[in-house]
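Peer 1: how would this look folded up:
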Amino acid sequence: MCRVPFRLLAFPCLSRAQRRAATAVGDGDGRALLSLGRGGPCPAPAAWPRLAPSPPSSFPGRAWRAAAERKAPEFGGACRRHARPGSPSALPMSGVRRRQAAAGVSSSGRHGVAQEEDACRNPRFHFDLWFYFTLQNWVLDFGRPIAMIVLPLEWFPLNKPSAGDYFHMAYNVITPFILLKLIERSPKTLPRSMVYICIITFVMGASIHLVGDSVNHRLIFSGYQLHLSVRENPIIKNLKPETLIDSFELLYYYDEYLGHSMWYIPFFLILCIYFSGCFIPIKEEQQRIPVSALLLIGPSSLYYWYLVTEGQIFILFIFTFFALMALVMHQKRKGLLMDSNGRFLFYSFIITLVLIALWVGWLWNDKILRKKYPGVIYIPEPWAFYTLHMSNLHSAKGESI
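Peer 2: Prediction:
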């Protein structure tokens, strides 16, 4: 039996079932006797305080409250909270308990929903997104300088944006959208804040590159040679005053260094974040990589080769590959293997390394390109090779005709 004030029968901390199970019986000295149904008798002290105000010293001590909770855990907390209104140990403790309980329920519910979403997401191969991603990379990025050269100059005057510039604008919009869709389809919940920061930086870097690359490729029509440095170009080294050369070097810095860094670092970081969610338990049956993925590995790897060589980001690429490899080894120790999307991305990077090695081996003894790329890491740009060899070949054929 637990003696509590009669007026606290409707105290909000008691559930409706507890109120129904409780039977209030008034006694002669103004107290209430509660029989708390199936919870069993709740131990009470010899004398509960009367309803009239009394000093806080008459309240039950901590030892009795602890004993009540051990005896009847269902109602111990409720009996403990039925202290006299205005007591310093009654209302604050009740509010804290309620907030903690509410936070616990909401937190468990939120994590439970997240776990259910992770379990319900299908780790199948996202052929549609990977196909659109590869297609727009080839058309809007690789095809950008080609469209700038092939299309008639009269359609796009030199003082107006070229066709390649419009391709670049479309790339800056479509690529972040596809990357966000890949993150949404990830089997695991990934850090959204990091993804958003990477997307914002990616768009900013690609936009900087858009301006610098547009001017540099327009200079090709004036005799600018990409395989030479800015100061060694015939149309640049004779400019007066010489401070104009510094301006062109600043433009080259925005294009090749700052723009590429702010473009490619977030790009590969997003791929790493996505790859971290492409793992499944070993106990599950690991499906074979689908035929559609095998068909896309070749074009995807070839584009990454162009991206690394033309963007001069081999160090960034190799560190990204090492990060993926370390992630694979770490997840394998935890009993996880790559799914079809993870294997597609990982195998594409492996083939890209092979293509880069073949490209460097083919041009290893080119003295002119060696002069432009004097560092330890020698990886010529495809468009520098084109302006050095292919354009001269085309001009020689034109003169012979």
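
Peer 1: the host helix or strand of His209: what's the following helix or strand?
Peer 2: Element membership for His209 (DSSP states H and E) is helix 192-218. With elements assigned by DSSP H and E, the helix or strand that comes after helix 192-218 is helix 234-237.

Peer 1: returning to what we had before: what packs against the helix holding His209?
Peer 2: helix 163-184, helix 243-253, helix 259-275 (3 or more Cβ pairs under 8 Å, 6 or more residues apart in numbering; DSSP states H and E). Backbone N, C-alpha and C define where each C-beta goes, glycine included.

Peer 1: so what are the domain limits for the protein?
Peer 2: 2-89, 126-400 (automatic domain parsing).

Peer 1: least reliable of these by average pLDDT, please.
Peer 2: Within the domains of the chain, confidence is poorest for domain 2-89, with a mean of 47 (mean pLDDT).

Peer 1: other residues contacting stretch 243-260?
Peer 2: Applying Cβ atoms under 8 Å, 6 or more residues apart in numbering, the contact partners of stretch 243-260 are 205-206, 208-209, 211-213, 215-216, 230-231, 236-237, 239, 311-313.

Peer 1: list the buried residues in that stretch.
Peer 2: For stretch 243-260, a neighbour-count test (16 or more other Cβ atoms under 10 Å) marks 245, 248, 251-252, 254-256, 259-260 as buried.

Peer 1: for stretch 197-214, same thing?
Peer 2: 198-199, 201-203, 205-206, 208-210, 212-214.

Peer 1: ok, stretch 222-234 next?
Peer 2: Judged by neighbour count (16+ other Cβ under 10 Å), stretch 222-234 contains these buried residues: 224-228, 230, 233.

Peer 1: and the end-to-end length of that stretch?
Peer 2: Length of stretch 222-234, first residue to last, Cα to Cα, to the nearest Å: 10 Å.

Peer 1: neighbouring contacts of that stretch?
Peer 2: Contacts of stretch 222-234 (Cβ under 8 Å, 6+ apart): 216, 220, 235-237, 245, 248-249, 252, 368-369, 372, 381, 383-388.

Peer 1: repeat that for 7 Å
Peer 2: 235-237, 245, 248-249, 252, 368-369, 372, 383-384, 387-388 (Cβ atoms under 7 Å, 6 or more residues apart in numbering).

Peer 1: kindly report the same for stretch 162-180.
Peer 2: By Cβ under 7 Å, 6+ apart, the list of residues contacting stretch 162-180 reads 129, 132-133, 136, 140-141, 143-145, 147-148, 151, 156, 199, 202-203, 206-207, 210, 214, 217-218, 270.

Peer 1: rerun that using 8 Å as the cut-off
Peer 2: Contacts to stretch 162-180, defined as Cβ under 8 Å, 6+ apart, come from residues 129, 132-133, 136-137, 139-141, 143-148, 151, 155-156, 195, 199, 202-203, 206-207, 209-210, 213-214, 217-218, 267, 270, 274.

Peer 1: can you pull out the strands in the protein?
Peer 2: Taking DSSP state E to define them, one finds strands in the chain at 2-4, 22-26, 32-36, 279-281, 336-338.

Peer 1: buried sites along the fourth one?
Peer 2: Of the residues in strand 279-281, those scored as buried under the neighbour-count criterion (16+ other Cβ under 10 Å) are 279-280.

Peer 1: what strands line up against it, and which way round?
Peer 2: strand 336-338 (antiparallel) (DSSP bridges).

Peer 1: burial measure for Thr134, as a count.
Peer 2: Residues lying near Thr134 (other Cβ atoms under 10 Å) number 20.

Peer 1: just the buried ones from the contacts of stretch 162-180?
Peer 2: Neighbour-count burial within the contacts of stretch 162-180 applies to 129, 133, 136-137, 139-141, 143-145, 147-148, 156, 195, 199, 202-203, 206, 209-210, 213-214, 217-218, 267, 270, 274; the criterion is 16+ other Cβ under 10 Å.

Peer 1: and Tyr254, how far from Phe248?
Peer 2: 11 Å (Cβ to Cβ, to the nearest Å).

Peer 1: if we can go back for a sec, with distance to Tyr304 added, can I get the buried residues of stretch 197-214 in TSV?
Peer 2: As requested, these are arranged in TSV below (distance: Cβ to Cβ, whole Å):
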residue	distance to Tyr304
Cys198	18
Ile199	20
Thr201	20
Phe202	16
Val203	20
Gly205	18
Ala206	17
Ile208	22
His209	17
Leu210	21
Gly212	22
Asp213	19
Ser214	24
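
Peer 1: could I get the buried residues of stretch 222-234 as CSV with distance to Leu358?
Peer 2: Converted to CSV, the buried residues of stretch 222-234 look like this (distance: Cβ to Cβ, whole Å):
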residue, distance to Leu358
Tyr224, 29
Gln225, 25
Leu226, 22
His227, 20
Leu228, 25
Val230, 30
Asn233, 29
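
Peer 1: which one of these is nearest to Lys188?
Peer 2: Leu226 (42.7 Å; Cβ to Cβ).

Peer 1: quick check on the closest one: phi, psi?
Peer 2: phi -70, psi -20 (degrees, to the nearest 10).
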